[in-house]
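In: pasting the sequence and the predicted coordinates here, then a few questions.
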Amino acid sequence: MNRPVTIPLGATAVRPAWAALPQDVRRMIEQRCGAAVVEATSQGRGFTPGFASRLLLADGERVFVKAADDETRGPFAAAYRKEASVVPALPADVPAPALRWVHDAGGWVVLCFDDVAGSHPVRPWQPVQLTAVLHTLGRVAEAMTPVPPRMVAPPFAAEFGHLAGMWDALSDLPHAEEAAELAALGVAVCAGDSALHTDVRDDNVIIDPAGRVWLCDWNWVCAGVTWFDTLSVLVSAYGDGLDADAELATNPLTASLADTDIDAVLALLAGYFITVSSHEVPPSSPHLRAHQRWYAEVTWQWLSRRRRWSGEQLFDDLRGRRPAGRVGGRRIPGGRRQPVLHRTMRLATWQTSSRRSSATVRTSVRASATRPSARLFGRRHDASPRPRTRETPTKRRSPAARRAASSTRPHRPV
């Protein structure tokens, strides 16, 4: 298929500029770098609101710095801490920008990397660049199997097992029962002893002038099968009109796989994307839902073609699921804390509404963990429906009375 990407590539992120950082944080960065910052170029790709800029220093050196504070961007600060623990443990054969230093004090997490000269792959995917990325993923899989010493990589099921349950709320969609069975199988299929990136997308890849591929943003490492990252990249290649099935048949990591194993992982991804793409658009990532919706339609059509299903019915249903917070015709319970996976799969970067503090979210998670529950969006929710209370009908007011009341009512935030 060829489904054009509708988001503005290169301008999807809403990030603070260099001047917006607190003065003491800017001063600390310059001190650690050993020179003043004379130019800062914010990175427009991605879907997270943390500071991420290429910095030109007064001595002519260039670095890449990302930063987040615990107070307003707590989940992202935690993700940066995770990345700071992973990158030093990467084998030398893994092409990742070197981590120069880490600052974790005063409520701020700041990471400084080598600035790799180059650019992100072109979208739609170009065959030469896609081949280079897939070749690199093959070398990375070899270097990361088994999980390198000193690297903490939780099992795939521990990180992503709850995604299979998302099909429970999609039972009214075509082929939902078979897709749910495949998704449950997908969790088992992905068990393995290789350290996975799990978030390989074009905006997390840099190709330098020599053609070498670099993988960035190692926030979401887990242990699983060697071919997961390869398949996740091929989803976007399929959507861009390339022959992803032909690549599966020839790629050393996937050539010997059973069709059912590939379909199972596609079903797992499809359930996730269909679910989150219809949720509220977070102010910190205005293009996230459109991005996830594109992946929902592409993943489902690829799975439908492989399973010889008719996928057009589902596309019509997806386009009708615009209201935020509704999946499968039902309201999803719980708050607004959700994994970003595409962030391709991540599968667990959190977007927290500005109307709820991170402390409130953590409290609600702890409280709900003691109840019988089902996993959804990385949070726990009551498995059994709560009894509804009968509402007393209100007397219908005249138009004049409604206008008078609305003039004094606070506006609901959009």
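Out: Received, thanks. Numbering: from 1, shown residues only.
In: so how many other residues sit close to Trp167?
Out: Residues lying near Trp167 (other CB atoms under 10 Å) number 26. The way it works is simple: take the backbone N, C-alpha and C, and place the C-beta from them, glycine included.
In: same check on Val63?
Out: Number of residues near Val63 (other CB under 10 Å) recorded here: 21.
In: element containing it, please.
Out: strand 62-69 (DSSP states H and E).
In: may I see the buried residues of that strand?
Out: 63-69 (16 or more other CB atoms under 10 Å).
In: quick check: neighbours of it in the sheet, parallel or antiparallel?
Out: Its sheet considered, strand 62-69 pairs with strand 51-57 (antiparallel), strand 108-114 (antiparallel) by DSSP bridges.
In: please enumerate the helices of the protein.
Out: If DSSP state H is used as the criterion, the helices of the chain fall at 23-33, 74-86, 127-143, 156-160, 176-189, 228-239, 244-250, 259-276, 288-307, 312-319, 358-368, 399-406.
In: Leu196 is nearest to which of these?
Out: In terms of CB to CB, the element of those nearest to Leu196 is helix 228-239, at 5.3 Å.
In: gap between the closest one and the chain center?
Out: Here helix 228-239 is found 14 Å from its chain centre; the criterion is CA atoms, centre = their mean, to the nearest Å.
In: which other helices and strands contact it?
Out: helix 127-143, helix 244-250, helix 259-276, helix 288-307 (3 or more CB pairs under 8 Å, 6 or more residues apart in numbering; DSSP states H and E).
In: now do the first one, average pLDDT.
Out: Just to be clear, that refers to helix 127-143. Average pLDDT, helix 127-143: 98.
In: how about it: buried residues?
Out: Going by neighbour count (16+ other CB under 10 Å), the buried part of helix 127-143 is 129-130, 132-134, 136-138, 140-141, 143.
In: so which bits of stretch 184-195 are buried?
Out: Judged by neighbour count (16+ other CB under 10 Å), stretch 184-195 contains these buried residues: 184-187, 189-190, 192, 194-195.
In: in this protein, which helix or strand is least confident?
Out: Lowest by mean pLDDT, DSSP states H and E among the helices and strands of the chain is strand 373-376, with a mean of 27.
In: how big is the angle separating the strand holding Val63 from helix 23-33?
Out: In terms of direction (axes from the mean of the first three to the mean of the last three CA atoms, to 10 degrees), strand 62-69 departs from helix 23-33 by 140 degrees.
In: got the CA positions of strand 62-69 in CSV?
Out: Extracted in CSV, the C-alpha atoms of strand 62-69 (Å, rounded to 0.1, in the frame of the first residue of the first chain):
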residue,chain,number,x,y,z
ARG,A,62,29.2,20.6,18.8
VAL,A,63,27.1,18.5,21.3
PHE,A,64,23.6,17.2,21.5
VAL,A,65,21.8,17.9,24.8
LYS,A,66,18.4,16.7,26.1
ALA,A,67,16.9,17.8,29.4
ALA,A,68,13.7,17.5,31.4
ASP,A,69,12.6,18.5,34.9
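In: kindly calculate the angle that it makes with helix 74-86.
Out: Put simply, strand 62-69 runs at 130 degrees to helix 74-86, going by the same axes, to 10 degrees.
In: before we move on, back to that, Asp199: which of the helices of the chain is closest?
Out: The closest of those to Asp199 is helix 228-239. By CB to CB, the value is 8.2 Å.
In: so what touches the closest one?
Out: Residues from elsewhere that reach helix 228-239 (CB atoms under 8 Å, 6 or more residues apart in numbering): 1-3, 5, 123, 125, 130, 133-134, 137-138, 140-141, 156, 190, 196-198, 200-202, 244, 247-248, 251, 253-254, 262, 265-266, 269, 294-295, 297-299, 302, 344-345.
In: just the buried ones from those?
Out: Looking at the contacts of helix 228-239 with 16+ other CB under 10 Å, the buried ones turn out to be 5, 123, 125, 130, 133-134, 137-138, 140-141, 156, 190, 196-198, 200-202, 244, 247-248, 251, 253-254, 262, 265-266, 269, 294-295, 297-299, 302, 344-345.
In: pretty sure Asp208 sits against Trp214.
Out: Yes. The criterion here is CB atoms under 8 Å, and Asp208 meets it with Trp214 at 6.6 Å.
In: which neighbours do those two share?
Out: What both Asp208 and Trp214 touch, as defined by CB under 8 Å, 6+ apart, is the set 116, 118.
In: of these two, which one has the most company?
Out: Taking neighbours as other CB under 10 Å, Asp208 and Trp214 compare with Trp214 leading, 18 against 13.
In: excluding its backbone neighbours, what's nearest the more buried one?
Out: Spatial nearest neighbour of Trp214, chain neighbours left out: Ile206 (4.4 Å); criterion: CB to CB, 6 or more residues apart in numbering.
In: likewise Asp229?
Out: Closest residue to Asp229 apart from its sequence neighbours, by CB to CB, 6+ apart: Val200 at 4.7 Å.
In: and the one you found, what pLDDT?
Out: With respect to pLDDT, Val200 scores 97.
In: hmm, it is touching Leu137, no?
Out: Yes. Counting by CB under 8 Å, Val200 does reach Leu137; the two are 6.9 Å apart.
In: where does the chain dip in pLDDT?
Out: When residues are selected by pLDDT under 70, those of the chain lie in 311-414.
In: please repeat the previous calculation with a cut-off of 80.
Out: For the chain, applying pLDDT under 80 flags the ranges 1-4, 6, 310-414.
In: check contacts around the nearest residue to Cys112 once chain neighbours are set aside.
Out: Closest residue to Cys112 apart from its sequence neighbours, by CB to CB, 6+ apart: Arg100 at 4.5 Å. By CB under 8 Å, 6+ apart, Arg100 lies in contact with 63, 112-114.
In: nearest to Asp93, of the buried residues of helix 127-143?
Out: Nearest to Asp93, judged by CB to CB, of the buried residues of helix 127-143 is Ala143 at 4.0 Å.
In: quick one: the closest one and Ala96 touch, right?
Out: No. In this structure, Ala143 is not within contact of Ala96 by CB under 8 Å, at 10.7 Å.
In: quick check: Arg289 vs Pro283, distance?
Out: Arg289 is 12 Å from Pro283, where distance means CB to CB, to the nearest Å.
In: likewise Ala78?
Out: In terms of CB to CB, Ala78 sits 20 Å off from Pro283.
In: which of the two has more neighbours?
Out: Ala78 (17 against 14).
In: list the contacts for the nearest residue to Ser194 once chain neighbours are set aside?
Out: Counting by CB to CB, 6+ apart, Thr145 is the residue found nearest to Ser194 once chain neighbours are left out, at 4.1 Å. Residues in contact with Thr145 (CB under 8 Å, 6+ apart) are 192-195, 226.
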